[in-house]
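A.B. asks: here is a sequence with its predicted model. Questions after.
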Amino acid sequence: MSKIRVYELAKELGISSKELISLLMEEFGVEVKNHMSVIEDEDAELIKELLAGSETKSEENKSESIVDEYEKIAEEEVKDLSKKKKRKKETGDEKAQGDESSLSDIVEIGETISVNELAVKLKQPIADVIKNLMLSGVMAAINQEITFEIAEKVAEKYDILLNKKEEETKLEEVEEIIEEDANLSKRPAIITVMGHVDHGKTSLLDAIRKAKVTASEAGGITQHIGAYTVNVNGERLTFLDTPGHEAFTAMRARGAQITDVVVLVVAADDGIMPQTVEAINHCKAANVPLVVAINKMDRPGANIDRVKQELTEYGLVAEDWGGDTVCVPVSAKTHEGIDSLLEMLILTAEMQELKANPNRRGQGTVVEAQLDKGRGAVATLLVQNGTLNLGDSIIVGSTYGRIRAMFDDSGKKIKKAGPSIPVEILGLSEVPEAGDRFNVVKDEKTARQMAESRKSKLREEHLNSAHRVSLEDFYNQIREGKVKELAIIVKADVQGSVEAIKSSLEKLSTDDVKVRVIHAAVGAITETDVTLAAASNAVVIGFNVRPDNNAVSVAEKDKVDIKTYSIIYEAIEDIKSAMIGMLEPEYKEVIVGKAEVRETYKISSVGTIAGCYILTGKINRNNDIRLIRDGIVILQSKLSSLKRFKDDAKEVNAGYECGLTIEKFNDIKTGDVIEAYTMEAIIRKEL
C-alpha cells in the first residue's frame, strides 16, 4: 500500500501539518510524530472525506480575513522593529547592521518549514514574508508549512540563498522508520486456499482445522467465503477458503489482495484446469507467494510428475526440479503430507516478516456479510491493521454502525481482535458489500456522516429505466430491435454470492447487447423487488432464496419473470443461452404445494417429525421438496415419510394436517415452510 508524507497531504488539503496531525490522532487514532511522518493512502482518503463534508469559507472571505490578520501583525512588528533599532543606536551596538542581510548569506532549512520559522531564519518581519508569499500566489498562515521551493523564491527577494539540509532530512526519515518499526509487532499470516472446483480445497482445510464444511454446501461446491484461524505448533495461521468455480473470479481476486500466502490446490489425478490457471494469474498479479498442494495423492490415478510438468507451462518450477515453487504432495482424505504443508506455510510466512501495528484503530476488509432475522446485519471482518474493540464505531463501505457484539471464528464472544484475526460482528445499520474496507472512527456521528456522504454519491449513478422483457423471448426481442439490454435484479442468501453473480452476468455483455444488474442485495425476493422489475422491465434472478407470497402475486399480475437457482453457473448459462438464442427446451419447475411446520417431535429411533398444515396445493410422498426458513432456502431434498395420523399417506391436500420426515435431516423448526415441486417438460417455440 502506497504512502504519503504528512506535509504533502497538508499542502494538498490547504491546512497546516499541525492541524492534520491533530485530525489523524483524534479521528482515526493514527499516531504520527511530525510533518515528515508517513501515512497510508487509505487514511489520507478518509481525512479527505471527512474534510469534504465540513463547510469552508469562500476564497474571497478567506483572503480578506488573512489580509486583515497580516496587517495587524505587520503593525505590531513595525513597532517592535522601531524599538529595537532605537535601543541599538542608543547603546552603540555594533551588530545593529546585522539586521540587513547580504548576498553572501546562506541559510539552511529542511524539506519544509513554517512561515514563522522562515521569517526567523531570514531575519525579516513575518508580515513582510507573508506579503511576499501572497505576491508569489501562495496563501499561507503563520504556522502553515511551505515547501523548500516556495521558501527559496521568497528568500531570493531578500538576496538570501537557501540550502536544503539533505542529511538531516534523511536522518529524520530513518528516525521515522525506526519509530514505525517500534510500533509494529508480528502478526499471523493470512493464507488463501485457491484452485479448481472439486479439487479438494475445502476438504484440505477440513483436514487442517478438523471441522466439517463440505456437507452443508450445495452440490459439494463452496459457494461462500469463510475465514478461520488455526493454531499450528504455537503459530497462528488465518485461512481464507475461496470457492473454485469460475463464477467467483472476483472473490478469488479479492482473496489474493488481502492474503500473505496462497495455497494452490491441484488434484494429482486431474492436473491443471481453467480455474487453476486463473488462480495462478491472480497470485502473480498480486505478487503473493504461492505454495502448491498436490492433493488426492491417495487416488489410483495420481501423477505428481505430470502436475509439476503442467505447472512449468505457467512459470512455476518445483524446487526439486531446480525452481523456487514449493510443491507438497498431500491427501485430505488420509491426512498424508498435512504436517509438511503447514511447515512450508509457516516458513514462507516467516520469510516475509509479517508485521502490523496493533496500537492504532482497526481497519481491514469485509470477508462476508448477510442479513439475519434475529440479529440484523451480520458481517465477517478480517482485521488487517490495528485492533478492533467491542463498542467501536466503524464505517464499512457505505454503511456504518457501532459494534454491539463480536465473535471469533468458533462462535465465542470476544472483546477485541488484533491484526489478521477474522471476527463476526453485529451492530451495522445495513448489510455491507463483501470486499468493502472498514475503518474505526472517533464516534458513531462521524461514521454516519461519512456513510451518508458515500450513499449520496452512489445514488447519483444508480437509477435507469428499461422496457419489460422475459428471459424466454429475450432473443426474439433482440432480433426485432425491441431491446438492446437485459436488466436483471439479483437476490441471494449471502453477499458474496450477490457479488459473484452480478460480476459474472455483467461480463456477458457484448457490443450489441448489454447485461445490466440494476439492483443486487441479500434476502428473499420481495414485493418491492418485483415492483422495481416491473417498472424497469427486468428479470429477477434468485440464488438460494425464494419469493414471498406477496412477491408471487405481484409477479403474476405484472407478468414479471422470476428465475430461481441453487447453482450459480446454471443461472449464468441460462442468461447466456437467452442472449445467443440457444435456449433449448428443458424442464420447468412446478410448485405443487406448500406446508407450514406447526410443531416438531423428536423420536430417537426416527429423528425429527414435523407436524405440518398444508397451506396450498398438495404434498405428495414422492415430490422433491425444499425447506425454506425466513425466505432463505435451507435444504433441497426428499421426504422419507408422509403420514395422516398413524397411517402412511401417498398425498395430503390443502387444509389438512400431516406428519412428515425429511431424508437425512433433523434440524426442522417451527415456522419453516416446506415447498413441494415437480419438474415438467415444457415445449418451447423455436427461436
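C.D. replies: Sure thing, it's come through.
A.B. asks: next, the buried residues of stretch 261-280.
C.D. replies: Within stretch 261-280, the residues that count as buried by 16 or more other C-beta atoms under 10 Å are 261-273, 275-276, 278-280. C-beta: built from backbone N, CA, C; applies to glycine.
A.B. asks: got it, and stretch 417-434?
C.D. replies: Quick answer for stretch 417-434 (16+ other C-beta under 10 Å): 417-434.
A.B. asks: before we move on, what about stretch 298-311?
C.D. replies: 302-303, 306-308, 310-311.
A.B. asks: Serialize those to JSON lines and add fields for pLDDT and secondary structure.
C.D. replies: Shown next, in JSON lines, are these (pLDDT from 0 to 100; DSSP: H, G, I helix; E, B strand; the rest coil):
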{"residue": "302", "pLDDT": "90", "secondary structure": "coil"}
{"residue": "303", "pLDDT": "92", "secondary structure": "coil"}
{"residue": "306", "pLDDT": "93", "secondary structure": "helix"}
{"residue": "307", "pLDDT": "93", "secondary structure": "helix"}
{"residue": "308", "pLDDT": "94", "secondary structure": "helix"}
{"residue": "310", "pLDDT": "93", "secondary structure": "helix"}
{"residue": "311", "pLDDT": "93", "secondary structure": "helix"}
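A.B. asks: closest one to residue 670 out of these, please.
C.D. replies: residue 302 (48.6 Å; C-beta to C-beta).
A.B. asks: against residue 207, how distant is residue 7?
C.D. replies: Applying C-beta to C-beta, to the nearest Å, the value for residue 7 to residue 207 is 52 Å.
A.B. asks: just residue 193 next, same as before
C.D. replies: From residue 193 to residue 207 the distance is 11 Å (C-beta to C-beta).
A.B. asks: quick one: contacts for the nearest residue to residue 142 once chain neighbours are set aside?
C.D. replies: Among residues not flanking residue 142 along the chain, residue 116 sits closest, at 5.1 Å (C-beta to C-beta, 6 or more residues apart in numbering). For residue 116, the contact set (C-beta atoms under 8 Å, 6 or more residues apart in numbering) comprises 126, 142-143.
A.B. asks: repeat that for residue 560.
C.D. replies: Contacts of residue 560 by C-beta under 8 Å, 6+ apart are 468, 530, 533-534, 538, 540, 554.
A.B. asks: could I get the residues you listed as CSV with pLDDT?
C.D. replies: Listed next are these as CSV, based on pLDDT from 0 to 100:
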residue, pLDDT
468, 53
530, 86
533, 83
534, 80
538, 85
540, 93
554, 86
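A.B. asks: mind listing which of these are in helices?
C.D. replies: 530, 533-534, 554 (DSSP state H).
A.B. asks: weed out the non-buried ones from those.
C.D. replies: If we count by 16+ other C-beta under 10 Å, the ones in helices among the contacts of residue 560 have these buried: 530, 533-534, 554.
A.B. asks: mind putting the residues you listed into TSV with distance to residue 109?
C.D. replies: Shown next, in TSV, are these (distance: C-beta to C-beta, whole Å):
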residue	distance to residue 109
530	68
533	65
534	68
554	72
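A.B. asks: now for these: which two are most distant?
C.D. replies: 533 and 554 (9.4 Å).
A.B. asks: surely residue 678 is in a strand?
C.D. replies: Yes. Assessed with DSSP: H, G, I helix; E, B strand; the rest coil, residue 678 lies in a strand.
A.B. asks: what about the spatially most central residue of the chain, which SS state?
C.D. replies: Nearest residue to the geometric centre of the chain (C-alpha atoms, centre = their mean): residue 435, 1.4 Å. Secondary structure, three-state DSSP: residue 435 is coil.
A.B. asks: can you name the next helix or strand after the host helix or strand of residue 423?
C.D. replies: Element membership of residue 423 [criterion: DSSP states H and E] is strand 422-428. Using DSSP H and E, the next helix or strand after strand 422-428 towards the C-terminus is strand 437-441.
A.B. asks: relative to strand 422-428, how tilted is that following strand?
C.D. replies: 60 degrees (axes from the mean of the first three to the mean of the last three C-alpha atoms, to 10 degrees).
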